[in-house]
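# starting from these lines, generate the structure:
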Amino acid sequence: MFFFYNVFGDYMKIYLDLVMILNFAIDFILLITVSIILKRNIKITRIMLGAFIGGISILFLFFNLNSILLFVFKIIISVLMILTTFGYKTLKYTLVNLLYLYMSSIILGGFLYLLNLELSYKHIGIIFFNNGLSINFIFLIIFSPFILYIYIKQTKNLRYNYSNYYNIEIINKNKKYKYTAYMDSGNVLVDSLTKKIVILIDKRKLLFNIKEFRLIPYMGVNGSNMIKVVKIDKLIFNNKEYSNILLGVIDKISLDGVDVILNRKLLEG
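Got it, this is the predicted structure:
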């Protein structure tokens, strides 16, 4: 345990063992998060060793170092944590691991800052203190995995969703129209009469007038319905041209920034 004065003229008690345990726990959670997000098959002992290196870095706070030198030491420690945990394969592999460690730290650090700000009695910048063992310590251990679980889940969802976004072109009457499209694995709509694949467009994003169309049945979330379809000249998707495509017009597409819902059969050739 260490005693020293803060700027308020009060004694600050720092329990070094508790601070190191907390630092180890947070670094362990961060490294687990990176391993899960990037699907690294890493043994738990290596993660613990990397977290231990991060945990002892708290000792630098007790040396009289200027901010630049302290920043350099923190960078070195984080690189050592990554190399110890994940090893070195290529420079890109290491930099990606390091990037996700920092991203996870920023997410967790912002949450912990808010938590400490609400629960601590006093604070100087991002240094928080209290008399005795604060309830903060318990909250940090409990809520850190929870907030990073949410972060992992949302990151995976974003990676999956945005990997299915495409830039496409629809050519009609010798004019090109560019759209943002989403590949929906649930859309396998085919016109039963012509056997042509049907893609769907938000009617609010339709950039050309439809004069001749016909109705075909389709099954939506609200049951069976009829949809307007029109033959377009060409669809350019994934650097390929498709000519036997029908464009179905629906009222609204609720996906973020999406104009067109593609058909899974386009990927099946």
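# which of the three states applies to Leu255?
coil (DSSP: H, G, I helix; E, B strand; the rest coil).
# quick check, it in contact with Met183.
No: look at Leu255 against Met183 with CB atoms under 8 Å: they stay out of range, at 11.0 Å. (C-beta placed from N, C-alpha, C; glycine too.)
# so those two - more neighbours on which side?
Met183 (18 against 15; other CB atoms under 10 Å).
# and the more buried one, how far from Leu70?
As judged by CB to CB, to the nearest Å, Met183 and Leu70 stand 47 Å apart.
# equivalent analysis for Tyr177, please.
Taken as CB to CB, the span from Tyr177 to Leu70 is 55 Å.
# the two - which one has more neighbours?
Neighbour tally, Tyr177 and Leu70, criterion other CB under 10 Å: the higher count belongs to Tyr177, 17 against 13.
# that's a strand at that one, yeah?
Yes: judged by three-state DSSP, Tyr177 forms part of a strand.
# in this structure it contacts Phe208, no?
Yes: counting by CB under 8 Å, Tyr177 does reach Phe208; the two are 6.7 Å apart.
# wait, Val198 sits on Asn263?
Yes: Val198 is within contact range of Asn263, at 6.4 Å (criterion: CB under 8 Å).
# pull up the overlap in contacts between these two.
Residues touching both Val198 and Asn263 by CB atoms under 8 Å, 6 or more residues apart in numbering: Leu189.
# looking at these two, which one has more neighbours?
Neighbours were counted for Val198 and for Asn263 using other CB under 10 Å; Asn263 has more, 25 against 21.
# can you classify Val34 by secondary structure?
Assigned with three-state DSSP, Val34 falls in the helix class.
# how near is it to Ile47?
Val34 is 9 Å from Ile47, by CB to CB.
# looking at the two, which has the bigger crowd around it?
With neighbours defined as other CB under 10 Å, Val34 and Ile47 compare such that Val34 has more, 28 against 23.
# show me where pLDDT drops low in this structure?
By pLDDT under 70, the weakly predicted segments of the chain are 1-18, 60-63, 65, 112-144, 157-162, 220-223, 269.
# fine by me, thanks again.
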